[in-house]
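Q: Got a predicted structure here, sequence first:
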Protein chains: 2
Amino acid sequence: MVAMSNRAEQESSSGEATRLKIMDAAESLIIQHGFAATSLRAIANAADVNLAATHYHFGSKQGLLAAVFHRRMRPVGIARLGALSELEAGSEPLTVDAILKAFFVPFYDAEGSELLTILPGLVARIYAEPATLTQPILEEEFSEVASRFVAALLKACPGVPEQEMRWRFHFMVGSMIQFLKFHTPIGVADRDNEFRVGLDKLVAFTVAGIEQLGAIE
Amino acid sequence: MVAMSNRAEQESSSGEATRLKIMDAAESLIIQHGFAATSLRAIANAADVNLAATHYHFGSKQGLLAAVFHRRMRPVGIARLGALSELEAGSEPLTVDAILKAFFVPFYDAEGSELLTILPGLVARIYAEPATLTQPILEEEFSEVASRFVAALLKACPGVPEQEMRWRFHFMVGSMIQFLKFHTPIGVADRDNEFRVGLDKLVAFTVAGIEQLGAIE
DNA sequence: GTCTATATTGGGATAGAC
DNA sequence: GTCTATCCCAATATAGAC
């Protein structure tokens, strides 16, 4: 056992370093070309590691996919639930606007960070891949979040039935995905302001759709 | 040259028959698993034709993809533009509700037909595939439609800037895609009524988002 | 933990007989 | 126009040296 003193905070061992390099490369390539069209060879090449390392660390291509998605999605879910809890702990009654901003909080937080070049494209990809691939991931990382937010929206919109709100939430997610896909032409970190502008427009659109104030009801 | 009298109305020659069989099989498999994950071998097998026939008729896998998408997307665009023109030829002023129903008209029309098991999934797939694959198809089949509908929506919503309306149209498309994806668990033609219900809810959501009557502006 | 080398399978595309 | 057979390459995965 040799001493591993340096950079021990970031990675616990040297093996973790290549593991991260593989995930970073896989993430980027999957965002660009999709899962099926991305080969382990291309990933290993981009990560500058050996092909066999991908199997050693992740067991299979599917295992790598799951790891790549979970790494980003878990913090996203935690941030969303945290923002919602903070909101619910306050004294004022909940508004749809505030709830949706809590739902989009991972993207607001990503402004100015390198995450802005990754998170939108990756989230859009989860919904783009065939359901058989990503359903388990969504199930684990998203179902609780969706339930909590639908419940909060129901409180903010008295009179709207639960099934109806599930539909509206569903449409809202679709708008979000479309936005995230559009605003991720791969790379480009200088468009932070533009991203923020689009995010605010997304909030306005989805708030109106969920409240439907102009409708008959 | 043997006489080819039978079924000459449907297909002009025997070659057209296998061509159609290939496209039908490819369409179904691409909807289920995506383009990259669908092999020409699987397509030829499902279509009960020889592998070489796929290359003979479409030149390459990409060529087959383009043919599959164009076959469905061209009528969709024509139906949308026709419905909009009919609307604009009327005497009453345009409403957002009527314009969006014209935009969704291919899906309203698909009710009760076998198209309902295909069209939603296929449209959703176009947006799910990597942009490099489908951008040319969207460019050719959708750009004019989008321009015409955005122009109509601008007339129906005085005071909304064009750039703003493009954003809202974009979000609207996202909601539509999400709906089409959700309501296509492959097969199942008995849920026509349910589909219609969801479609109406989609209209209500997107009308509210595009009008944004409750907002400050 | 990391590499080389390779097993094994399946992919798209084509040549040439019929 | 359609088939058989095949080329050639890329894919995932693994065994075994270091």
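A: Right, received. Where do you want to start?
Q: A:Phe35: what secondary structure?
A: coil (DSSP: H, G, I helix; E, B strand; the rest coil).
Q: correct me, but it touches A:Leu64?
A: No: using CB atoms under 8 Å, A:Phe35 makes no contact with A:Leu64, being 9.4 Å away. For the C-beta atoms, the positions are set from N, CA and C on the backbone; glycine is no exception.
Q: Quick check: closest non-adjacent residue to the residue nearest the centre of chain A.
A: Nearest to the geometric centre of chain A sits A:Val123, at 4.2 Å (CA atoms, centre = their mean). Sequence neighbours aside, A:Leu180 is the residue nearest to A:Val123 in space, at 5.4 Å (criterion: CB to CB, 6 or more residues apart in numbering or on different chains).
Q: give the contact list for the one you found.
A: By CB atoms under 8 Å, 6 or more residues apart in numbering or on different chains, the contact set of A:Leu180 is A:Phe107, A:Leu119, A:Pro120, A:Gly121, A:Val123, A:Ala124.
Q: Mark out where each domain of chain A begins and ends.
A: A:13-59, A:69-211 (automatic domain parsing).
Q: Need the mean per-residue confidence for the shortest one.
A: When you say that, I think you mean domain A:13-59. Mean per-residue pLDDT for domain A:13-59: 92.
Q: Over to stretch A:110-129?
A: 94.
Q: same question, stretch A:160-174
A: 94.
Q: circling back: helix or strand for the residue nearest to A:Val123, just tell me which one.
A: Using DSSP states H and E, A:Leu180 sits within helix A:162-182.
Q: list the buried ones in that helix?
A: Under the neighbour-count criterion of 16 or more other CB atoms under 10 Å in any protein chain shown, helix A:162-182 has A:164-165, A:167-182 buried.
Q: got the angle between that helix and helix B:162-182?
A: 120 degrees (axes from the mean of the first three to the mean of the last three CA atoms, to 10 degrees).
Q: after helix A:162-182, next one along is what?
A: Per DSSP H and E, the first helix or strand lying C-terminal to helix A:162-182 is helix A:192-211.
Q: Could you list every helix and strand in contact with that following helix?
A: Here helix A:192-211 touches helix A:96-103, helix A:105-110, helix A:162-182, helix B:162-182, helix B:192-211, going by 3 or more CB pairs under 8 Å, 6 or more residues apart in numbering or on different chains; DSSP states H and E.
Q: now do 6 Å
A: Under the contact definition 3 or more CB pairs under 6 Å, 6 or more residues apart in numbering or on different chains; DSSP states H and E, helix A:192-211 sits against helix A:96-103, helix A:162-182, helix B:162-182, helix B:192-211.
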